[in-house]
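Q: what would the 3D arrangement of this be:
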Amino acid sequence: MVQGAFLAAICARYRVTRDRDALEKARRAFRGIRKIYDLSRPGGEGYYCKPWDWRFQDETSSDQYVYAMMGLDSFRELADPEERGQIREMLTAMARFWIDRGYRYRYLGRTLDWQKCRFISFMAYARRVSDAPVFANELSRLLDSCATTSDIPFRASLDLKKTVRSDGLVVYE
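A: Below you'll find the predicted structure:
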């Protein structure tokens, strides 16, 4: 989580200052996220574990993902072509991981049915790097579902108007 938040922040710093040190720190943070991603491979494609003691763990949480994905998305435009390819692979696989499991996974010894609204950003990040219809469709489904759900904390301020553009993209305003 911390590496993802740091990566997003250091990318913002680089965009403002153009400081080469900030870009190098961003690359190091990206490599750290990539290392955890690679360490997580025994959990399946797109799995991103909580790497306690730098060891594979068979537990994760949606917040573990959201910060890493936010950082990856922030770094994407600063990345070199090889890194961008890795980011595309990671973001799409990470989003797919949760779709394929119906947003259910183990955390602290229990299988949790995670609140679906948590995954809107996952689909948005995957949609930015992939034209695969699954991400656009799932993003739209989640937005529709969350717009009509009363048990989410931000429901009171969630008055979204859904528009389908001529190119088929669904936009919420």
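
Q: what's the closest non-adjacent residue to E83?
A: Of all residues not flanking E83 in the chain, F30 sits nearest, at 6.4 Å (Cβ to Cβ, 6 or more residues apart in numbering). Heads up, the C-betas are built off the backbone N, CA and C, glycines and all.

Q: residues of stretch 62-78 that come out buried?
A: In terms of neighbour count (16 or more other Cβ atoms under 10 Å), stretch 62-78 has its buried residues at 62, 64-76, 78.

Q: excluding chain neighbours, give the residue nearest to G44 in space.
A: G44 sits nearest to F97 (Cβ to Cβ, 6+ apart), 6.7 Å away.

Q: from Y48, how far off is the residue nearest the centre of the chain?
A: For the chain, the residue nearest the mean C-alpha position is M69 (3.3 Å; Cα atoms, centre = their mean). According to Cβ to Cβ, to the nearest Å, M69 and Y48 sit 9 Å apart.

Q: anything in contact with each of the two?
A: M94 (Cβ atoms under 8 Å, 6 or more residues apart in numbering).

Q: so the residue nearest to E83 is in contact with S74, correct?
A: No. Contact criterion Cβ atoms under 8 Å: F30 and S74 do not qualify, at 9.8 Å.

Q: now do the shared contacts for these two.
A: L7.
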